[in-house]
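Student: following is a predicted model, sequence given first.
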Number of protein chains: 2
Amino acid sequence: MAERSGEFSIIDRFFSSGSAAGPWFCKGIGDDCAIIDFGDSRIAVTIDMLAMGTHFLPDADPRNVGYKTLAVNLSDLAAAGATPRAFFLSIGLPDKNDAWIEAFSEGLMELAKEAGCALLGGDTVRTPKNPVTGEHSPAVFSITAMGDLPPGLGLTRAGAKPGDDIWVSGTLGDAYAALKYRWGHWAAAPEAVRLMSRRMDRPEPRNALGRALLPLATAAIDVSDGFSQDLTHILERSHVRARVSWDDVPRSEALMSLPEEEQREAALSGGDDYELIFTAPPSLRKAVFEAGIAADTLVTRVGEILPSDGDGTSLTVYDAKGAAVILKNGGFDHFA
Amino acid sequence: MAERSGEFSIIDRFFSSGSAAGPWFCKGIGDDCAIIDFGDSRIAVTIDMLAMGTHFLPDADPRNVGYKTLAVNLSDLAAAGATPRAFFLSIGLPDKNDAWIEAFSEGLMELAKEAGCALLGGDTVRTPKNPVTGEHSPAVFSITAMGDLPPGLGLTRAGAKPGDDIWVSGTLGDAYAALKYRWGHWAAAPEAVRLMSRRMDRPEPRNALGRALLPLATAAIDVSDGFSQDLTHILERSHVRARVSWDDVPRSEALMSLPEEEQREAALSGGDDYELIFTAPPSLRKAVFEAGIAADTLVTRVGEILPSDGDGTSLTVYDAKGAAVILKNGGFDHFA
C-alpha cells in the first residue's frame, strides 16, 4: 500500500482493526503488505489504487499505465520480500475504448508474465458521469497483488535497530525529475530526460532483491512517496532515529546533470522511485552486497539507525561539511 | 466479481491467463471468486469496484455506501460457499471529508464485525480534478475480500447437470423496484418503498447459506446483474439450458403490490439482489430445505436444468399458462 501522510491518517483513524482475521494469523497490517499464514504457507497481500490525472498524466501511453499499475503493487511485495504469484484487477473506465484497454492490458500483462504473476480475477465498471460536462470521470485502477514467502520470514517496517546500516537500492529522484520536466518546471538535456522518463514510466519492482534480503534485512519499505517520508515510516514503526549522508544517496548520471538543489528535492523528497530502503546490521555488509549482486541491483549504504531520543523518530540528512540538509517537503500528500 | 455482459467481454478478451499462478493451484477464475489452495488450506478471493453516481445515488447515506461496498464482496464469497475472513480496501476520494468517511467506515465496519471479516490493508488516493469544472471526480471504492473453504470444496458456476433443480434464496426484485421508485419511474405505497429501499441499501450477503450448500449444490452464483443474466452465467459455464417457472420466482409482499409487468422486470432482469441462485440434484431437496432453515434463509425451487440442445445455453421462463415470459433485458450493462 502506498502511504501518504494526510490520507494515511484517514485509514489509520477509521480502518485499523487489530492483528488477526479470525483463525488467520496476520502481521504487517498498515505496512506495504499484510502477511498471512495458512498452515505452513505464508503469503503477502497488498492493495493500491491509481487514477488517470492523479497518478498518470492524462496523455500517458496506456502501455505504460498498465505496466506501472502492476509495478507499484509488485514493489509493495518486494518490500515484504515476497515473490509475486497472483493479482486481481478492478478498473473504472469512462467509456468502452477497446484500443486503449488493449494497450493497457499489453503493458500490464508484459510485466505480469515477466514477474510470473497471474491475473486471477477482475471487475470492470463505468466511472460516473459529470452532470455538468456530461463526461465520465477518468479511468481508475485498483490492484490487489499476492505473493508467497518462506515460512516464518517476511520484511516489515518494524525491526530497524540502533546501529543498523540504512541501504537504498538503485538510484533515487529520476521519476520526480522527469515529472518536473514534463510540467515545464525544470530543464534537462534530451538524453537525461529520456532516461529519467523511462524511470517514471517503467519502474522496476525489486522483487529479486527483496527475496535475497529476507534473511538479512531488519526492516524494509519501498520508495513511493519519497525517500525521507518512506524512511520516516520505518523510523516510526521501529521507534528509532536516523542519520543519512546526502553525498552517499545514489543518483543517476542523468539526475546529477541537474542543479544540486533540484537533485536534493528529487532524490530526498520526490517519490515514485519504487526502490527499496532497508536496514541491516553492519556485520552483514558483505552479505548485503552479495544479495545486490545476486539480484543484479545496485545497493548503497546511505546512513545509520540511531536510538530514539525520547522524541523518537526524527531523520537528519547531512551534507559533506556536516551541515543539515533542509528537506523540501515531507513527501507527497494528495490532500495537502 | 460482478459481471456485466459488455464489460465482462473486455476482461475476458484481454485478461484471462490460464488456471495456475506458478506453484499455486487455482480454479474458478472468471467466476465470482478465484479459489486458491495453500497446502491443506483453501481460500476464495474476489474483487469488486463501486463508484458514487454509478452504483450509488449521489446523495446516498455514507453508512449505507460503506455497508453495501463490503456486502457485495461478501456476497461473492457466499456464492463460492466461503466464510469471510479478511478484506483490503482502496478508496478514491474527491476531498478530505472526515464526516463522510467516518460515516462510510461506520457502515463498513458494522458489517465487517458482523461477518467476522477483518480489514487488513488499504490505500487512499485523491480522485482526479476535472480541468473544466475544477471538481474532483466522485468517490470510488475497490474491495478485495478473502474467505476460507474446507479442503476440496468450493462452489463455482460450472457443474449444473441436466435434471438438477434451480433454487433461489430470499426474494428477488426489491432493490431494483426501489431504484425505479427513486428515479420517479414507478409508484408504490410508502411501506412498500421503505421495505424495498432497505433491500437496496443494505443487502444481506448469504454466507451462512453458501457454506451450508457446499456439500449439496452443483453450481452457484449471486444475483448482482439480474436473475436471468446471472442464471445464464451458470448455464454458459455448465453447458446446459434451463426452464424456470415465473409463478415460482420468490417475491416480497412489497414487490407483489406492484403491477405484474413491473414485478417481472424487477425480479427477472433487475439485479442488485445479492441473493444466491444455485443448482442441486432433486434427490437433495430435503437437505437443501434443511440448509435454508439452518441458515435462516428462505430457499425456493424455481425451475430445472435441461440438457444442451447444441445451441447450448438458453433460458426460458414460463408463466402459469405455459407461455414464455418475455425478458425485458439481459441485465445491467454499464457500457450498453
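Tutor: Arrived safely.

Student: let me see the contact set for A:V223.
Tutor: By C-beta atoms under 8 Å, 6 or more residues apart in numbering or on different chains, the residues touching A:V223 are A:168, A:172, A:230, A:271, A:273-277. Using the backbone N, CA and C atoms, a C-beta is placed for each residue, glycine as well.

Student: surely A:D273 is in a strand?
Tutor: No - read with DSSP: H, G, I helix; E, B strand; the rest coil, A:D273 is coil and lies in no strand.

Student: quick check: the residue nearest to it when sequence neighbours are not counted vs chain B, distance?
Tutor: Residue nearest to A:D273 in three dimensions, not counting chain neighbours: A:V223, with 4.1 Å by C-beta to C-beta, 6 or more residues apart in numbering or on different chains. Counting by C-beta to the nearest C-beta, to the nearest Å, the gap from A:V223 to chain B is 16 Å.

Student: also A:D148?
Tutor: The spacing between A:D148 and chain B, counted by C-beta to the nearest C-beta, is 8 Å.

Student: same question, A:G152
Tutor: For A:G152, the distance to chain B (C-beta to the nearest C-beta) stands at 15 Å.

Student: ok, now A:C117?
Tutor: 7 Å.

Student: and that residue, backbone torsions?
Tutor: phi -120, psi 120 (degrees, to the nearest 10).

Student: could you look up the SS state of the residue of chain A positioned farthest from its centre?
Tutor: What lies farthest from the middle of chain A is A:V132; by C-alpha atoms, centre = their mean that is 36.5 Å. Assigned state for A:V132: coil (three-state reduction, three-state DSSP).

Student: how about it: what's its closest non-neighbour residue?
Tutor: B:T133 (5.5 Å).

Student: show me the contacts for the one you found.
Tutor: Counting by C-beta under 8 Å, 6+ apart, B:T133 touches A:130, A:132-133.

Student: doesn't A:T297 belong to a helix?
Tutor: No - applying three-state DSSP, one finds A:T297 to be coil, outside a helix.

Student: quick check: closest non-adjacent residue to it.
Tutor: Take A:T297 and drop its neighbours on the chain: the residue closest to it by C-beta to C-beta, 6+ apart is A:L209, 4.6 Å away.

Student: ok, the one you found touching A:V299?
Tutor: Yes - A:L209 is in contact with A:V299 according to C-beta atoms under 8 Å; the separation is 7.4 Å.

Student: helix/strand/coil for A:D309?
Tutor: Assigned by three-state DSSP, the conformation of A:D309 is coil.

Student: can you give me the distance of it to A:V240?
Tutor: 10 Å (C-beta to C-beta, to the nearest Å).

Student: what about these two, which has more around it?
Tutor: A count of neighbours by other C-beta atoms under 10 Å in any protein chain shown puts A:V240 above the other of A:D309 and A:V240, at 24 against 10.

Student: OK, contacts around the more buried one?
Tutor: Neighbour list for A:V240: A:160-162, A:305-308, A:313 [criterion: C-beta under 8 Å, 6+ apart].

Student: try 7 Å this time
Tutor: If a contact means C-beta atoms under 7 Å, 6 or more residues apart in numbering or on different chains, then A:V240 has A:160, A:162, A:305-308 as its contacts.

Student: next one: A:R182
Tutor: Counting by C-beta under 7 Å, 6+ apart, A:R182 makes contact with A:L57.

Student: circling back to that earlier point, phi and psi next, for the residue nearest to A:D273.
Tutor: phi -90, psi 100.

Student: please see if stretch A:63-78 touches chain B.
Tutor: No - judged by C-beta under 7 Å from any C-beta of the partner chain, stretch A:63-78 makes no contact with chain B; its nearest approach is 9.3 Å.

Student: just the mean pLDDT for that stretch, thanks.
Tutor: Mean pLDDT, computed over stretch A:63-78, is 97.

Student: could you find the closest non-adjacent residue to A:E262?
Tutor: Nearest residue to A:E262, sequence neighbours excluded (C-beta to C-beta, 6+ apart): A:W186, at 5.8 Å.

Student: does that neighbour touch A:A177 like I think?
Tutor: Yes - between A:W186 and A:A177 there is a contact under C-beta atoms under 7 Å: 6.4 Å.
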